[in-house]
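Student: Prediction below, plus the sequence it came from.
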Amino acid sequence: MVAPLARPYAWTVDGRQTIEPREVVIEKIVRETADAVTLVFRGGGAPPFYRAGQFLTIDPRQFPQLEGMLRYFEGTKGRREPPRAYSMSSAPHEARLAVTVKVEPFDPGRAPFPPILSPLLVHGLFPGQRLEVVGFTGPYTLPDDVESRTDHVVHVCAGSGIVPNFSILKDALHRGLNLRHTLLYGNKTYDDIIFRAELERLERAHPGRLRVIHSLSREDRAERHGPAYRQGRIGRHLLEAVLEDRRRALVFACGPGITPYERRAARAKGLEPAPRFLETVLGHLQELKVEKNRIHNESYG
Ligand SMILES: Cc1cc2nc3c(=O)[nH]c(=O)nc-3n(C[C@H](O)[C@H](O)[C@H](O)COP(=O)(O)OP(=O)(O)OC[C@H]3O[C@@H](n4cnc5c(N)ncnc54)[C@H](O)[C@@H]3O)c2cc1C
């Protein structure tokens, strides 16, 4: 049985109320990488109405197989487990609503609890299964007047942080917006790249509109995969190279950021939490003097 959900927030798109629970059926599960899948949904009443870059939420308490785990964790953590957010990997013009989920890794040296929902979404669901999602919301979207603000959007993503940017890219290219896109996408290895083939296809279909640069931090010879691949993390030099028009470009950065738990744990020791991908990128952008109002970011921390 699907548990009733509280309506967490109200957000309107073009004056329409879009936050509502909807029951969807998993039509297809696409394995993107060893630890990431795309869940393609059908159903859910009225056609989904969202903006590229927005997210929906999934409440873990609707899954009976998580019941014991949730009770245990809620007792231990002393708080109710909230719904988790997932960006749409589909774009508004596409017939099906889809999200893409990557398993949150568990590193006992860094985190006190294993992740709850993402392992189930990636490894434990099946086509035909019903679930409740609540959507849609989120400010990580292209501004309506984007074409008057820039002609170059620089996307800076790591891991599952590609998901909203993939939707934004598909949407902007489909709508024929007068924009050029550069995507810097960081992963550990070639096999961790989500949407690799689709990104190549988009690049071929829109010559001069999209350039993808993959940064691989744990590959010895990343260049052997082709000219779009480079070794290492996304650093200041790479950002500087693609932001030749940094006074005019708009940046959309998404990926792992400092979690509230890390922040609290560090502060309890009188320390500042160590920056993760997002804080590092934002730091470089600040050094490069990209104005704050030209940077949109979404933290998956
Ligand atoms: C706007 C937004 C959009 C997102 N979109 C996507 C997406 O498209 N795809 C995607 O894969 N993910 C996305 N995420 C991340 C997603 O919402 C989940 O955070 C992720 O799937 C992990 O959830 P989980 O239940 O598996 O792990 P959780 O159970 O939430 O655990 C996550 C981490 O937090 C630690 N932790 C949990 N509770 C505590 C505590 N009380 N004290 C200390 N540490 C704790 C755990 O040890 C673990 O390391 C998005 C997040 C946001 C905010």
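Tutor: Yep, it's here.

Student: Please read off the pLDDT at Thr12 from the model.
Tutor: Per-residue pLDDT puts Thr12 at 48.

Student: nope, Gly44 is what I was after
Tutor: The model's pLDDT for Gly44 equals 70.

Student: now the closest residue to it other than its chain neighbours, what's its secondary structure?
Tutor: In this structure, Gly44 finds its nearest non-sequential neighbour in Arg22, 3.8 Å apart by C-beta to C-beta, 6 or more residues apart in numbering. In short, each C-beta sits where N, CA and C put it, glycine included. Under DSSP: H, G, I helix; E, B strand; the rest coil, Arg22 falls in the strand class.

Student: Checking stretch 250-269 against the ligand, do any of its residues make contact.
Tutor: Yes - if you take C-beta under 6 Å from any ligand atom as the test, stretch 250-269 does meet the ligand, through 259, 261.

Student: Let's test this: mean pLDDT of that stretch, rounded?
Tutor: 93.

Student: end to end, how far does it reach?
Tutor: End-to-end distance of stretch 250-269 (C-alpha to C-alpha, to the nearest Å): 37 Å.

Student: need the contact list for the residue nearest to Gly44.
Tutor: For Arg22, the contact set (C-beta atoms under 8 Å, 6 or more residues apart in numbering) comprises 43-45, 48, 132-135.

Student: In strands only, show me those residues.
Tutor: Here DSSP state E is the test, and the contacts of Arg22 give 132-135 as lying in strands.

Student: what's the lowest-pLDDT member of the residues you listed?
Tutor: Gly135 (88).

Student: Let me know whether that one touches Asp59 as I believe.
Tutor: No - if you go by C-beta atoms under 8 Å, Gly135 and Asp59 don't touch, sitting 12.0 Å apart.

Student: the more surrounded of the two?
Tutor: Gly135 (26 against 22; other C-beta atoms under 10 Å).

Student: For the ligand, see how far away the closest residue to Lys77 other than its chain neighbours is.
Tutor: Nearest non-adjacent residue to Lys77, counting by C-beta to C-beta, 6+ apart: Phe113, 7.1 Å away. Going from Phe113 to the ligand by C-beta to the nearest ligand atom, to the nearest Å gives 4 Å.

Student: what sits against His93?
Tutor: Contact analysis of His93 by C-beta under 8 Å, 6+ apart lists 170-171, 174-175.

Student: Among the residues you listed, which one sits closest to the ligand?
Tutor: Lys170 (14.3 Å; C-beta to the nearest ligand atom).

Student: Counting by contacts, list what the helix or strand hosting the closest one packs against.
Tutor: Per DSSP states H and E: Lys170 is located in helix 162-174. Judged by 3 or more C-beta pairs under 8 Å, 6 or more residues apart in numbering; DSSP states H and E, helix 162-174 is in contact with strand 84-87, strand 97-102, strand 152-158, strand 180-187, helix 196-205, strand 250-255.

Student: which stretches of the protein form strands?
Tutor: 12-13, 16-17, 20-33, 36-42, 55-58, 84-87, 97-102, 130-137, 152-158, 180-187, 210-216, 229-231, 250-255, 295-299.

Student: Can you give the strand pairings for the third one, parallel or anti for each?
Tutor: Pairing partners of strand 20-33, with direction, according to DSSP bridges: strand 36-42 (antiparallel), strand 130-137 (antiparallel).

Student: circling back to that earlier point, CSV please, covering the contacts of His93 and showing neighbour count and distance to Pro275.
Tutor: Formatted as CSV, these follow (neighbours: other C-beta atoms under 10 Å; distance: C-beta to C-beta, whole Å):
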residue, neighbour count, distance to Pro275
Lys170, 20, 30
Asp171, 20, 30
His174, 15, 35
Arg175, 14, 35
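
Student: Take these and lay them out in CSV including pLDDT and distance to Ile234.
Tutor: Putting the contacts of His93 into CSV (pLDDT from 0 to 100; distance: C-beta to C-beta, whole Å) gives the following:
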residue, pLDDT, distance to Ile234
Lys170, 98, 22
Asp171, 98, 23
His174, 98, 26
Arg175, 97, 27
